[in-house]
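Novice: Give me the fold of what follows.
(chains A and B)
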Amino acid sequence: MKPLVFIVDDDDLVRRGFSRLLDSAGYEVQSFASAREFLDRSHRDSGPACLVLDVQMPELTGLDLQEELRTDGAILPIVFVSGRGDIPMTVRAIKAGAMDFLTKPVSEEALLEAVAQALARAARITAEHAEVTQIRTRAATLTPREREVLEFVISGLMNKQIADALGTAEQTIKVHRARILKKMGVRSVAELVHDSARIGIVPRRQD
Amino acid sequence: MSPLTVAWTFTASACAMLGFAHFLLWIKEPRSAVYLLSAVMAFGGALSAAVELLLLQTQDLARYQVLLQLENLGVFLLLVPMVWFVYEYFGTARRWFAVTISAIWTFALIVNFLSPASIVFSEIHELKRLNAFWGELFTIAVGRIHPWKIVPDLATVLIGVYVIDASIRAWQKGNRRRAVVIGGSIVFFLVLGGIHTLLVDAGVVATPYMISFAFLAIVMALSYELVNDALLASQFARDLASSEKTRIRTEAELRAKRDELAHLSRVSTMGEMSASFAHELLQPLTAILSNTRAARRYLAEDQPGAGKAEECLDDIERATDRASDVIARMRSLFRKEEMRRERVPVEPMVLEVLELLHSDGVRRGMRVSFDAPPPPAVVHGDRIQLQQVILNVLRNSFDAMRDTPASRREAWVRIELDDGCVRIAVGDRGPGIGDQDAGRIFEPFYTTKSNGLGMGLAISRTIVEAHGGRLTARNNDNGGATFCITLPDGGP
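Specialist: Take a look at the predicted model:
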């Protein structure tokens, strides 16, 4: 599947120009004449993608759209394109998480480079996102008791200590531990610690 | 040739010459009765002089009597037009008096022609041949005075009174020169000629009739005044023409100054807008660049995408056209030339300004709406200068809305046709015009902006007024201000 690039620019000629350049570079391109038009279409489930966004547009500007996407929680790296290299505007965009800020006329290399980076980041984020989702799904299959045991395990306690803390037999904890590793799809406690950290499971310490 | 012949011939021809001159003046200016009247007077004088010459030479009684009748005709032709000349020329004479004198003289003339020996003699006893002091012989008549001779004599006295009366009133009115030169000479020569004639008729003095000499003097006095008038009139006309020339030159200079000022203001506005223009050019340049690169890539593919490359070329062409348009518009605004008078369709003119301001407006978050209900409006004038006014006013609106919340930053341009006028209204939702600024915003160097020169609206108003229109401003009921450019309708 070709990587997807969105273009939002109110100027027909510029929009078509970018669109063709990215198309010729092998990207799948979807272009929109306004921020509103872009927001109105569903785009969240389309996999790794990035957005080439014009700053100066009537009604909603590029910066407004960036703001809107951020509050929506969308993960979409943005490459800004502007007619003028206005420093405060650039700072604002970058602070709000823009990948790049290009000034017109944009060279082929700069645009393709920025888009490639943005897509790489999108891919990375998407992959991370997928992993975390998988870990969450697995963690959700744990019983409350297993979850409790998991928290002791990742804090580095031995089975005996856990059994004492929970007032149960060491053998029982041993069975729990094996089942937890299986459910979470990991082979070592080290991996378990790593995955738990990624989904925010906090180790429980025995006082 | 004898001295008598020379003297009377000279008088006759001088009178005739003046008569012709005045007659020509009358032909040139038929509404001016004084020329016709003075021409008739001069011909009357010429007739008198000619007849007097014949009178003093003839020795035939019958001929003498006819000549005497003709002599009185000459006198009539001089005196009656003279009465009316004074009436017309002075404007102060009494009409009833002039009518009375004319009537009396007409009566006398009728009697003159009905009487065998004119109105002078009821009977002529003999024709005497007398010696002039240098020995030349001339004829005079001896006879009984006509009883009605009193009538023309009385009329002559009345003319004197009439002229004196008119002269005094002219003098009182401040027309002193006319009163003295015309009134004075008429009375003086009338008295002189009249008395001499009376004495000759009565046989007291033995000289020929010399009434034509007096007439020549009067006609010369009139000519002098009329020529003087004509000279004054031509001088006046010359002065008028030269002051008209000065006025035209001053106006041309003012116009040139106004055009120059308009140009300067335009150039300064363009300077302020240079960032926007750069942006307007960057857009097509960006399009050209990316289409070119895309086309190269399409053509470099294993199976070259000629169709796609062609689409790129189409857009490159469009972008080039657009860039040229931007440059053409800028160049026309930078152009410096005197005000034109041409037919300007309003809608396309306004649309061009809106295009010019498009990126400026977008950058400043302005929404601009445009409304031009049919029929299409047309004005006459200078397209560029009118665009300058709209540009100025619309940029003022943008400036006014600098601190207006983004959601309210709206400007609108509306073209309206109203009762022989084309109105271009430019409104905004800014703070409106403050009370203390209301009367002054059109004054030069008055500005409410921190970086303004205060020339924009002053020049705009001058331009609109030079087009025979008005530029006015008012606050809207629901906030903001509206500027109206009202111009005379230029027809369909």
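Novice: need the residues of chain A near chain B, please.
Specialist: When proximity is defined by C-beta under 8 Å from any C-beta of the partner chain, chain A lies next to chain B at A:10-11, A:13-14, A:16-18, A:20-21, A:23-25, A:56-59, A:61, A:83-84, A:104-108, A:111. Placement of C-beta: from N, CA and C, glycine included.
Novice: same thing but at 10 Å, please
Specialist: A:9-26, A:54-59, A:61, A:64, A:81-84, A:86, A:103-109, A:111-112 (C-beta under 10 Å from any C-beta of the partner chain).
Novice: Those in helices, which ones?
Specialist: Members of these lying in helices (criterion: DSSP state H): A:12-24, A:64, A:108-109, A:111-112.
Novice: Quick one, which of these are buried?
Specialist: Neighbour-count burial (16 or more other C-beta atoms under 10 Å in any protein chain shown) is assigned, among those, to A:13-24, A:64, A:108, A:111-112.
Novice: Now the two most distant members of the residues you listed.
Specialist: Within those, A:Ser24 and A:Asp64 form the most distant pair, 30.3 Å apart (C-beta to C-beta).
Novice: host element of the residue nearest the centre of chain A?
Specialist: By C-alpha atoms, centre = their mean, the mean C-alpha position of chain A lies nearest to A:Ile125, the distance being 3.5 Å. In this structure, A:Ile125 is located in helix A:108-139 according to DSSP states H and E.
Novice: Measure how buried B:Ala406 is and give me the count.
Specialist: Neighbour count of B:Ala406, defined by other C-beta atoms under 10 Å in any protein chain shown: 13.
Novice: quick one: it and A:Leu63 touch, right?
Specialist: No: the pair B:Ala406 / A:Leu63 is not scored as a contact, 11.5 Å apart, by C-beta atoms under 10 Å.
Novice: What is the neighbour count of the nearest residue to B:Gly381 once chain neighbours are set aside?
Specialist: Excluding its sequence neighbours, the residue lying closest to B:Gly381 (C-beta to C-beta, 6 or more residues apart in numbering or on different chains) is B:His467, at 4.3 Å. Neighbour count of B:His467, defined by other C-beta under 10 Å: 24.
Novice: what sits against B:His467?
Specialist: B:339, B:341, B:344, B:379-382, B:385-386, B:389, B:485-488, B:490 (C-beta atoms under 10 Å, 6 or more residues apart in numbering or on different chains).
Novice: Equivalent analysis for B:Asp428, please.
Specialist: Going by C-beta under 10 Å, 6+ apart, B:Asp428 touches B:366, B:368, B:393-394, B:396-401, B:404, B:408-412, B:476, B:479-483.
Novice: Which ones among the residues you listed also lie next to chain A?
Specialist: By C-beta under 10 Å from any C-beta, the members of the contacts of B:Asp428 lying near chain A are B:366, B:368.
Novice: counting contacts, what elements does the lowest-mean-pLDDT helix or strand in chain B pack onto?
Specialist: Every helix and strand in chain B was compared by mean pLDDT, DSSP states H and E; the lowest is helix B:435-438, with a mean of 74. Of the remaining helices and strands, those touching helix B:435-438 by 3 or more C-beta pairs under 10 Å, 6 or more residues apart in numbering or on different chains; DSSP states H and E are strand B:470-475.
Novice: Buried residues of the strand it packs on, list them for me.
Specialist: Residues B:471, B:473 are the ones in strand B:470-475 that count as buried (16+ other C-beta under 10 Å).
Novice: Show me what whichever helix or strand comes after it is packed up against.
Specialist: Counting by DSSP H and E, the next helix or strand C-terminal to strand B:470-475 is strand B:481-488. The elements that strand B:481-488 packs onto, with contact taken as 3+ C-beta pairs under 10 Å, 6+ apart, are helix B:346-363, strand B:378-381, helix B:383-400, strand B:410-418, strand B:421-428, helix B:456-466, strand B:470-475.
Novice: please redo it, this time with the cut-off set to 6 Å
Specialist: Under the contact definition 3 or more C-beta pairs under 6 Å, 6 or more residues apart in numbering or on different chains; DSSP states H and E, strand B:481-488 sits against strand B:421-428, strand B:470-475.
Novice: Just put the ones you listed in TSV and tack on mean pLDDT.
Specialist: Formatted as TSV, those follow (pLDDT from 0 to 100):
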stretch	mean pLDDT
strand B:421-428	90
strand B:470-475	87
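Novice: export those to CSV and tack on distance to B:Ile211?
Specialist: Below are the helices and strands packed on strand B:481-488 laid out as CSV (distance: least, C-beta to C-beta, whole Å):
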stretch, distance to B:Ile211
strand B:421-428, 73
strand B:470-475, 72
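Novice: average pLDDT for stretch B:339-346?
Specialist: Taken as a whole, stretch B:339-346 has a mean pLDDT of 85.
Novice: before we move on, what about stretch A:178-189?
Specialist: On average, stretch A:178-189 scores 88.
Novice: Off-centre distance for that stretch?
Specialist: Remark: stretch A:178-189 is offset 26 Å from the chain centroid, using C-alpha atoms, centre = their mean, to the nearest Å.
Novice: Give me the buried positions along it.
Specialist: Neighbour-count burial for stretch A:178-189 flags A:180-181, A:183-184, A:186 (criterion: 16+ other C-beta under 10 Å).
Novice: Can you name the residues that contact A:Val55?
Specialist: Neighbouring residues of A:Val55 by C-beta atoms under 6 Å, 6 or more residues apart in numbering or on different chains: A:62, A:80, A:82.
Novice: In strands, which of those appear?
Specialist: Those of the contacts of A:Val55 mapping onto strands are A:80, A:82, per DSSP state E.
Novice: between the contacts of A:Val55, which has the most around it?
Specialist: Ranked by the number of neighbours (other C-beta under 10 Å), the contacts of A:Val55 place A:Gly62 first, at 25 neighbours.
Novice: From chain B, how far off is that residue?
Specialist: For A:Gly62, the distance to chain B equals 11 Å [C-beta to the nearest C-beta, to the nearest Å].
Novice: which residue is nearest the centroid of chain B?
Specialist: Per C-alpha atoms, centre = their mean, the C-alpha nearest to the average position across chain B is that of B:Glu244, at 8.6 Å.
Novice: For that one, give me phi and psi.
Specialist: phi -60, psi -40 (degrees, to the nearest 10).
Novice: Distance-wise, check it relative to chain A.
Specialist: For B:Glu244 relative to chain A (C-beta to the nearest C-beta), the value is 55 Å.
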